[in-house]
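Engineer: The following block contains a protein sequence and its predicted model.
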Amino acid sequence: MLDPGPADLHAQQPLLQTVGLTKRYGDFLANDEIDIEIFPREIHALLGENGAGKSTLVKTIYGLVQPSAGELRWQGAPVRLSGPAEARSLGIGMVFQHFSLFDNLTVAENVALGLDGKEPFKAVSARLADVARDYGLPLDPKREVWQLSVGERQRIEIVRALMQNPKFLILDEPTAVLTPQEADQLFVVLERLKAEGRAILYISHKLDEVKRLCDTATILRGGRKVATCNPKSETAASLARMMVGAEIKEVKPPTERRTTVPRLVVNDLTLAPAELHGVRLQNVSFELKGGEILGIAGVAGNGQDELFAALSGERLVKEPGTIIIDGLACGNLSITQRRKMGAAFVPEERLGHGTAPRMRLSENALLTGHAASDMVRHGFINAAATLRTVDRTTETFDVRKAKRDPEAASLSGGNLQKFVVGREILRAPAVLVVNQPTWGVDAGAAAIIRQALIDLASAGAAVLVTSQDLDELLEIADRIAVMFHGHLSPALPRADATREKLGLLMGGASLDQKEAAHAAGA
Amino acid sequence: MLLVEAIILSVLAASTPLLLAATGELVTERAGVLNLGVEGMMIVGAACGFAGAWVSGSIIVGALCGIVAGMLTSLIFAFMTLGLAVNQVATGLALTILGIGLSGLIGARFVGERITTAPKLSIPGLTDIPLVGRILFGEDAFVYLSLALIIGVWWFLYRTRAGLVLRACGDNHVSAHALGYPVLRIRMLAVLFGGACAGLAGAYLPLAYTPFFIPGMTAGRGWIALALVVFASWRPGRLVIGAYLFGAVTILQLHAQGAGVGIPSQFMSALPYLATVIVLVLLSRARTGGSTAPAALGTVFVPDR
């Protein structure tokens, strides 16, 4: 337990304070004179779009990045952090968004690496078990990390941070990979940490969570602080407005669309994993009609990537009839042949999978468009046609870029994603398979992309959207199925798909027989 | 002396440079760095080791010269791959070519000279035990040193915190950096250790194996050491088995050829490599999970600050 503080938290000295904190990378100001005060017994939200400077700010607080100007004050005294070890010794802990774990080491070894090393390894193991039990975060110290689920991996990060008995804990998007139920468990732990007198800096995109959990919110935009407020007295819309700096276009909900014939059918797809630690697809079946959006929810790493690879033809299946596009069996056909049949695919990773980062947009347009367009004539590239595609995508989807035909890597995440999705939608596909369409994309771009997917379905295409963002699926999908350990649940109609039900399915529970039968019949 | 005893003695002698070089490379690769320049570092170690011993008349000075030469050669590699973030494979290959040329230059003066090789251990009573005496108690210091070294490496990797940090750098350098470990410094020390071991392995050849230096005398042993690390799936225990197995196959095929076994000598010479391929296939089939190779092996790391 730390010192119990008075109830009015602002009556006391801030635990951590930044004064005019600035970080410059060349000409780019990642953080521009940021002032922030964090008090004990406070859960302080840090809000902002991607690129607003949240990561840079917390990396500076954790000693990973040295500020260009301004200062950091810990309990009122200015400090210069030489590195994370020094931050930890002050009492600053951090739970990383992209887990900083070592897959081939055990839980105990991972935890030991995050401590200062003065404690013998056996003592670390024993204390780890104690702390984990105490906070209701069960962990087996001897297991290797690759064997654990995403939720368990996050537990390691949290327990590792707690073992330093921090006064101040930073959590970077902790619920991004959790099921709603796992997130609730996390909130219980966070409330307890707060009651113990610790301060928490909580980074999240999920405004409802912030309103529910946090006492204070600081909002960053373009590297600057735009506001500090009490999130409980704001609405999600007003918070979003401060983050974006403009009104966000509302996505028009899908009107009653008429569904047509099945355009994408998957029959009993079973596929062994291609790589180490991969997921085996088990008897995946579904039917997707024209005019319909089917959402696939699930925690990352439950077979979504494997399913995408099988559907797109990046991996072939032996039995052609397992995958049927517009009535044609194509399980053993290549991605090019499937594109010629009218299918289009947008993978999750936009740099490196969706585009070749160092190639120009026109060349990237060619890479997916060569199969079924006028971009290639008699084996020669029609450069004008590839540029036309770039221009059309730019206009239709509002892709912002510095010149007409830049390298893919030079675009911001949101703009590149608009290009990648737009490039496929403009081909007017009969079937569109898209994985994580708005992952790491700013709210404005996300709205444009979601609207485009709805419009595409309204025009008669079959759209399959895989996403970890339940809100996104509830917003655009007509039916939602859940992927867990390579199994796909029956699809629930949107009206039936509550967050609770989906959360249970994401955690591996199966709905009761009656409900499952109902879902299958719907 | 019995034939069996003679064969075992020659197997131990043939295996020792492989074990020394592979031990160094194992540590380097466990830190996430793939140094393909083992052959180059070895041959430089051989030339400098012989030069040192010839000039000073001391085997110990020769061995130290070999170690220092190996480290200096590996320092070039460390500067290129860690300092300038150059591709590790290309740099390693270039290092081998450089090492072969450099050793020819250094060693040219000494070709044709002879020295007295390292003395064999002799403990009255023990060494004279029939059959096992000479094998266990009659080796040169390098043989015992190589075994002590691999035991030390095992203890370091699995029983010390520094070893854990080194393995962590090889598994995920981004995470190691995020936790505040100096990834590049740790990797540089690992590369230097690899260079020292390779240099010593090279020096073993003219100091204990044969009493003279000839250009190119490592004859591909550096490459076998590299294969051995994979063969051992980056584990010290298996490395010892692998090194002696390779040494044994090398010696046995010589004896088999000498005895007139009617198999083409080229096939026999290829046996050690064939064995590697077979073992690798078996290992990958038997693997139940977990990566055998350090996950960050061969990848360039540039910290952001």
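Structural biologist: Yep, it's here. Residues are numbered from 1 along each chain as shown, chains lettered A, B, ... in the order given.
Engineer: which residues sit in contact with the residue of the stretch 1-150 of chain B found nearest chain A?
Structural biologist: Using C-beta to the nearest C-beta, the single residue of the stretch 1-150 of chain B nearest to chain A is B:Arg30, 10.8 Å away. Any C-beta I mention is one placed from the backbone N, CA and C, and that applies to glycine too. Going by C-beta atoms under 8 Å, 6 or more residues apart in numbering or on different chains, B:Arg30 touches B:Leu157, B:Leu166, B:Arg167, B:Gly170, B:Ala190, B:Trp234, B:Pro294.
Engineer: got JSON lines for these, with pLDDT, neighbour count and secondary structure too?
Structural biologist: Below are the contacts of B:Arg30 laid out as JSON lines (pLDDT from 0 to 100; neighbours: other C-beta atoms under 10 Å in any protein chain shown; DSSP: H, G, I helix; E, B strand; the rest coil):
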{"residue": "B:Leu157", "pLDDT": "95", "neighbour count": "19", "secondary structure": "helix"}
{"residue": "B:Leu166", "pLDDT": "96", "neighbour count": "26", "secondary structure": "helix"}
{"residue": "B:Arg167", "pLDDT": "95", "neighbour count": "22", "secondary structure": "helix"}
{"residue": "B:Gly170", "pLDDT": "94", "neighbour count": "28", "secondary structure": "helix"}
{"residue": "B:Ala190", "pLDDT": "97", "neighbour count": "27", "secondary structure": "helix"}
{"residue": "B:Trp234", "pLDDT": "91", "neighbour count": "23", "secondary structure": "coil"}
{"residue": "B:Pro294", "pLDDT": "85", "neighbour count": "24", "secondary structure": "coil"}
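Engineer: Can you sort out which of these also neighbour chain A?
Structural biologist: B:Arg167, B:Pro294 (C-beta under 8 Å from any C-beta of the partner chain).
Engineer: re earlier: skipping adjacent residues, who's closest to the residue of the stretch 1-150 of chain B closest to chain A in space?
Structural biologist: B:Gly170 (4.9 Å; C-beta to C-beta, 6 or more residues apart in numbering or on different chains).
Engineer: That neighbour and B:Gly32 touch, don't they?
Structural biologist: Yes. Using C-beta atoms under 8 Å, B:Gly170 is in contact with B:Gly32, at 3.8 Å.
Engineer: which residues do those two both contact?
Structural biologist: B:Pro294, B:Ala296, B:Leu297.
Engineer: Return the member of those nearest to chain A.
Structural biologist: B:Pro294 (7.7 Å).
Engineer: List the contacts of that closest one.
Structural biologist: B:Pro294 neighbours (C-beta under 8 Å, 6+ apart): A:Asn104, B:Glu29, B:Arg30, B:Ala31, B:Gly32, B:Arg167, B:Gly170, B:Asp171, B:Trp234.
Engineer: The same query, at a cut-off of 10 Å, please.
Structural biologist: A:104, B:29-34, B:166-173, B:234 (C-beta atoms under 10 Å, 6 or more residues apart in numbering or on different chains).
Engineer: and what of A:His353?
Structural biologist: Contacts of A:His353 (C-beta under 10 Å, 6+ apart): A:Asp305, A:Phe308, A:Glu314, A:Val346, A:Pro347, A:Val420, A:Asn435.
Engineer: Per-residue pLDDT of the last one, please?
Structural biologist: It refers to A:Asn435. At A:Asn435, the predicted lDDT confidence score is 93.
Engineer: Which residues of the stretch 51-200 of chain B lie near chain A?
Structural biologist: Neighbours of chain A within the stretch 51-200 of chain B, by C-beta under 10 Å from any C-beta of the partner chain: B:159-162, B:164-165, B:167-172, B:174-182.
Engineer: Burial check on residue 266, number of neighbours?
Structural biologist: All of this refers to chain A. By other C-beta atoms under 10 Å in any protein chain shown, 22 other residues sit near A:Val266.
Engineer: wrong chain, I was asking about chain B
Structural biologist: Considering only other C-beta under 10 Å, B:Gln266 is surrounded by 7 other residues.
Engineer: Look up phi and psi at it.
Structural biologist: phi -60, psi -40 (degrees, to the nearest 10).
Engineer: which one among the shared contacts of B:Gly170 and B:Gly32 gets closest to B:Ile129?
Structural biologist: B:Pro294 (42.4 Å; C-beta to C-beta).
Engineer: Not counting sequence-adjacent ones, nearest residue to that closest one?
Structural biologist: Nearest one to B:Pro294, counting by C-beta to C-beta, 6+ apart, is B:Gly170 at 3.4 Å.
Engineer: so that neighbour sits right up against B:Tyr181, yeah?
Structural biologist: No. Look at B:Gly170 against B:Tyr181 with C-beta atoms under 10 Å: they stay out of range, at 11.6 Å.
Engineer: show me where the stretch 251-400 of chain A has strands.
Structural biologist: Applying DSSP state E, counting those that start in this stretch to the stretch 251-400 of chain A gives strands spanning A:262-271, A:281-289, A:293-297, A:323-325, A:328-329, A:343-346, A:376-377, A:380-381.
Engineer: Quick check: A:His353 vs chain B, distance?
Structural biologist: 18 Å (C-beta to the nearest C-beta, to the nearest Å).
Engineer: Find the least confident helix or strand in chain B, judged by mean pLDDT.
Structural biologist: Here the helix or strand of chain B ranked lowest by mean pLDDT, DSSP states H and E is helix B:265-286, holding a mean of 72.
Engineer: Could you name the helices and strands sitting against that one?
Structural biologist: helix B:221-231, helix B:236-258 (3 or more C-beta pairs under 10 Å, 6 or more residues apart in numbering or on different chains; DSSP states H and E).
Engineer: contacting residues around B:Met188?
Structural biologist: Shown in contact with B:Met188 (C-beta under 10 Å, 6+ apart): B:Ala31, B:Val33, B:Ser74, B:Leu75, B:Phe77, B:Ala78, B:Phe79, B:Thr81, B:Leu82, B:Gly83, B:Pro182.
Engineer: Which pLDDT value does the model give it?
Structural biologist: 97.
Engineer: tally of neighbours for B:Tyr281?
Structural biologist: Not quite, residue B:281 is Val, not Tyr. 10.
Engineer: measure it to chain A for me?
Structural biologist: 16 Å.
Engineer: Run through the strands of chain B in chain order.
Structural biologist: With DSSP state E applied, chain B shows no strands anywhere along its length.
Engineer: in it, which segments are predicted with low confidence?
Structural biologist: B:1, B:276, B:280, B:283-291, B:304-305 (pLDDT under 70).
Engineer: low-confidence ranges in chain A?
Structural biologist: A:1-11, A:98-99, A:248, A:253-256, A:275-277, A:511-522.
Engineer: again, 50 this time
Structural biologist: A:1, A:3-7, A:9, A:513-522 (pLDDT under 50).
Engineer: In it, which residue sits furthest out from the middle?
Structural biologist: A:His378 (41.9 Å; C-alpha atoms, centre = their mean).
Engineer: Tell me the most packed of the contacts of A:His353, by neighbour count.
Structural biologist: A:Val420 (28 neighbours).
Engineer: Isn't that one up against A:Thr393?
Structural biologist: Yes. Counting by C-beta under 10 Å, A:Val420 touches A:Thr393, with 9.1 Å between them.
Engineer: Give me the common contacts of the two.
Structural biologist: Joint contacts of A:Val420 and A:Thr393 (C-beta under 10 Å, 6+ apart) are A:Leu361, A:Val399.
Engineer: quick one: which of the contacts of B:Pro294 is nearest B:Ala225?
Structural biologist: B:Glu29 (11.1 Å).
Engineer: Nothing else from me, thank you.
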